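Asks: Here you go, sequence then predicted model.
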Protein chains: 2
Amino acid sequence: MDLEAVRTFLLAAQTGRFQDAATELGITQQAASKRIAALEKELAVRLFTRSARGAQLTIDGQAFLPHARALMQAEAKALASVRPERRALRVDVIAKRSGMSALLRGFHEARPEVELDVVTLVDIGQALDAVRGGEIDATFRYVADVRVLPPGVESARVFDDRLDLLVGPRHPLAGARTVTPAQLAGHRIWIPGIVPDGVEWSVYYKKLAAEFGLSIDGIGPFFGSDHLMDVIADSVDVASLVAEKPRLAWPDGHDLRRIPVLDPTPVYPHSLVWRSDNPHPVLALLRGHLAATGRPVGAPGSWTPAGA
Amino acid sequence: MDLEAVRTFLLAAQTGRFQDAATELGITQQAASKRIAALEKELAVRLFTRSARGAQLTIDGQAFLPHARALMQAEAKALASVRPERRALRVDVIAKRSGMSALLRGFHEARPEVELDVVTLVDIGQALDAVRGGEIDATFRYVADVRVLPPGVESARVFDDRLDLLVGPRHPLAGARTVTPAQLAGHRIWIPGIVPDGVEWSVYYKKLAAEFGLSIDGIGPFFGSDHLMDVIADSVDVASLVAEKPRLAWPDGHDLRRIPVLDPTPVYPHSLVWRSDNPHPVLALLRGHLAATGRPVGAPGSWTPAGA
DNA sequence: ACTGAACACAACTCCCAGTTGTGTAGCTAG
DNA sequence: CTAGCTACACAACTGGGAGTTGTGTTCAGT
């Protein structure tokens, strides 16, 4: 479908005359007529009844009208999404299905009028560069050390994502109602995708392992949470740690158990990182929303690496 | 913006390779490359980082991605809106800002997943023809006489729109808290757009005038409710009757009064009219919704023309 | 260094969107 | 009733651009 034809259709519907639509678009009446004829051919319906007094919408034309408007609006939003000035707030999250994404959805539902674009960069280094360069307005990341932030960039810890133990039915801890990190020492914990000297969540799990003497295994690429759950379900000795929030789609018949970790509860701390001089009005709204609705961070009984 | 280019962008983003997108679309890799280059030129941003291992989205590309999806979805909906089979339920209402439109909005909010297209035809004759011909699925109209319905077409009275008296501050009835139809006899009531032998709401007002001895004036075309209100506000002897529901935008400084009419209260009866053999699932939903949430029709103390 | 994979650039073709020019239908004024 | 006006459609033509073929470039893996 040709959006220029749709635009012509809209103008002609508004004014009731092809000539006016053509003038508005800077083309001839004949061109406008051809555009609409082509659109009618593609849709295989008549959109206007032509007469010597102008053009009037048919029933099909009336039904098409709101959809034509929606198309123009979608086009305008798409254009605005990449326009450097006055674009929608662009936010980076660690994963589209993480707990932060859920918080962002909450923000969007509370303020449906604000425009938000969510992207995912590979690691905190790229994210900080993008914040500094203005390509994104903010990022939610685990900031291991506030000192790594470049000058002019601020951060605030806004959300702690609780980690649960994920085990299969034949795992020794499958029957436990809760576990402590100390109990996990010696058990194999598998979190695919962890890389040496890698992205910041690898750093987090390494610090977690060091603190409680865990053996956290990161071998192999991440083939998706389905694969992870397949492996856990079949294994007698491999467990994993998963964030509370994503609410994974639970495959049937696997009989996986999600066991809360207590005393202390490891939490993954998300910080909002933004450039101090970013004037985007939605950024202030977002910070306000997070302050108002976010759960308290650093709750007693929770653990995060030092320096967060 | 070229939707074919957007489609190519989406496929390339999904597969990570221009070649795959091109194959999917039945064009060459070079053509896909050109399409995306043209899109990038129009948007004045780079959407992909190219390498010998494929193409990966840039930050701008990631931000553009959901908008591209929205465009494709809007296009699909626009196409479906005029496809004869399996299209959205198409309903005709007497006016986009009438009480029935408000009820339809309620239906849409209660069932956001159903697709609805609202059109407005000129009179009940055209509407019945369209229902019979299948161009629309249902119409909300005042059915003066059930016998005018063609065979195979059913109707059900679903909503009574109460009529209030609208007067300016210097009108003799301006101070009344309520009025009766009998009190209105002798006063000039102006309802622009009424035509002899005309559309069905003209018929309604004529029957109303005959019943209570009112002089209802229909001279002149309808220049919009703003014009109507201007005239009423300035006149010492002209009043009008307006439906309760539309909740007109009240112009400032006019000091208009909306006075309830009692004993009896004239109501404008809307009937839903549909073809008995229309299998559209949303039609059944709509009828159920109206039965469940609609106000009772034919309430005691209300008046409608006989035969409705 | 060689090979293969993947995208970009160049040259060419041809189709189609737009233009100019003209036809036709319907309303209106005299 | 006719002349004239208005508004859209049809016809012929033209130029630009989208697509194709052919080739170049870059980069990863062997």
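Replies: It's in.
Asks: DNA strand D contacts on chain A?
Replies: A:12, A:16-19, A:29-30, A:33, A:36-37, A:48, A:50, A:52-55 (C-beta under 7 Å from any atom of the strand). From N, CA and C alone the C-beta is placed, and that goes for glycine too.
Asks: mind redoing it with 6 Å?
Replies: Proximity of chain A to DNA strand D, by C-beta under 6 Å from any atom of the strand, involves residues A:Arg17, A:Phe18, A:Gln19, A:Gln29, A:Gln30, A:Ser33, A:Arg50, A:Ala52, A:Arg53, A:Gly54, A:Ala55.
Asks: May I ask which helix or strand encompasses A:Asp160?
Replies: Here A:Asp160 sits within strand A:153-167, counting by DSSP states H and E.
Asks: Following that strand in sequence, what is the next regular element?
Replies: Beyond strand A:153-167 toward the C-terminal end (DSSP H and E), the next one is helix A:181-184.
Asks: coming back round to it: so which of the residues of chain A next to DNA strand D is the most crowded?
Replies: Highest neighbour count within the residues of chain A next to DNA strand D: A:Phe18, with 24 neighbours (other C-beta atoms under 10 Å in any protein chain shown).
Asks: Which residue is the nearest non-sequential neighbour of that one?
Replies: Distances taken as C-beta to C-beta, 6 or more residues apart in numbering or on different chains place A:Ala32 nearest to A:Phe18, at 4.7 Å, with adjacent residues excluded.
Asks: A:Leu256 now?
Replies: Using C-beta to C-beta, 6+ apart, the closest residue to A:Leu256 is A:Ala233 (5.6 Å).
Asks: Then A:Tyr204?
Replies: A:Tyr142 (5.3 Å).
Asks: For DNA strand D, give me its nearest residue in chain A.
Replies: A:Ser33 (3.1 Å; C-beta to the nearest atom of the strand).
Asks: Double-check that residue against A:Arg17; I have them as touching.
Replies: No. Judged on C-beta atoms under 8 Å, A:Ser33 makes no contact with A:Arg17 at a distance of 11.0 Å.
Asks: Tell me where the stretch 151-300 of chain A has helices.
Replies: A:181-184, A:200-212, A:225-234, A:281-293 (DSSP state H, counting those that start in this stretch).
Asks: who does the lowest-mean-pLDDT helix or strand in chain A touch, helix- and strand-wise?
Replies: Within chain A, confidence by mean pLDDT, DSSP states H and E is lowest for helix A:225-234 among all helices and strands, at a mean of 72. Here helix A:225-234 touches strand A:153-167, strand A:188-190, strand A:238-243, going by 3 or more C-beta pairs under 8 Å, 6 or more residues apart in numbering or on different chains; DSSP states H and E.
Asks: That one: how far from the chain's middle?
Replies: Centre-to-centre, helix A:225-234 and its host chain are 24 Å apart (C-alpha atoms, centre = their mean, to the nearest Å).
Asks: Please apply the same query to stretch A:301-308.
Replies: 25 Å.
Asks: Report the buried residues of it.
Replies: Neighbour-count burial for stretch A:301-308 flags A:Ser302, A:Trp303, A:Thr304, A:Pro305, A:Ala308 (criterion: 16 or more other C-beta atoms under 10 Å in any protein chain shown).
Asks: Having no further points to raise, I will conclude here.
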